[in-house]
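Asks: Turn this into a structure:
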Amino acid sequence: MRLFLSSYHFGKYGKEYADLVGGQRRVAVIFNASDAYKANELYAQKCQVVLDSCSQLGLEPETFDLRNYFEDQSELEADLKKFDGIWVVGGNSFVLRRAMRYSGFDQALPKLLAENALAYGGFSAGACVLAPSLRGIELCDDPNDVPGGYAEEIVWEGLDIVPYAIAPHYRSEHPETELIERVVDYFKTNYINYKTLQDGQVILIAGDDAELLKEEPN
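Replies: Coordinates of the predicted model:
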């Protein structure tokens, strides 16, 4: 299993992500966590920034929209196998989790990771959804933020790929950092196993090896 779980974008560890992907470095970039913000005039620009940042690492990024599989999940796994890695962009964890359920991604991903068919990378919401549960994340992400084409049902179950919750943007210069303090308090109060990530930090997992990558102060 290859995982790159980041608080905010690649931090200073883009090379580590690219190396983790390997192969032909083809990457499926998933923006569905931001589907509620597509009407924002800056949405397309922000998406292009992400794609450009991947290209600068020598990767070959391609937008991969999970909504294309809401009506028919049968080709999802085969289409994902065309890539060497996945990069899941942050946004609303609950919107992303819905997209993963409706598309069948949550069923395909564990199998592909077990087969070492690809590497999974994601930041913020893209990391949070790998936990056993999203309980507590509602203190920073609105579970009732429902884009068009999505059902209102809230999916509280995470993908359960890592055995702990993840609190990104912890004590960082990020607009959500104060909300994340509340999330961490929730985890503590409810005895939930968790890990915090400051912006710039990454949990890198390759096989049985796990490492915390941490930017050193300037």
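
Asks: Report the buried residues of the helix or strand of the chain with the lowest mean pLDDT.
Replies: For the chain, using mean pLDDT, DSSP states H and E, the weakest element among its helices and strands is strand 209-213, scoring a mean of 85. Of the residues in strand 209-213, those buried under the neighbour-count criterion (16 or more other CB atoms under 10 Å) are L213. In short, each C-beta sits where N, CA and C put it, glycine included.

Asks: cool, stretch 25-36 as well?
Replies: By neighbour count, with 16+ other CB under 10 Å as the criterion, the buried positions of stretch 25-36 are 25, 27-36.

Asks: returning to that earlier point: what is the least confident helix or strand of the chain packed up against?
Replies: For strand 209-213, the contact count by 3 or more CB pairs under 8 Å, 6 or more residues apart in numbering; DSSP states H and E identifies strand 202-206 as packing neighbours.

Asks: and the strand it packs on, how far from the chain's centre?
Replies: 13 Å (CA atoms, centre = their mean, to the nearest Å).

Asks: Let the chain start at 58 from now.
Replies: I'll keep to 58 as the first residue from here, and by that count the last item is strand 259-263.

Asks: Quick check: mean pLDDT of it?
Replies: Per-region confidence: strand 259-263 scores 94 on mean pLDDT.

Asks: Sheet-wise, list the partners of that strand with their directions.
Replies: Strand partners for strand 259-263, identified by DSSP bridges, are recorded as strand 59-63 (antiparallel), strand 266-270 (antiparallel).
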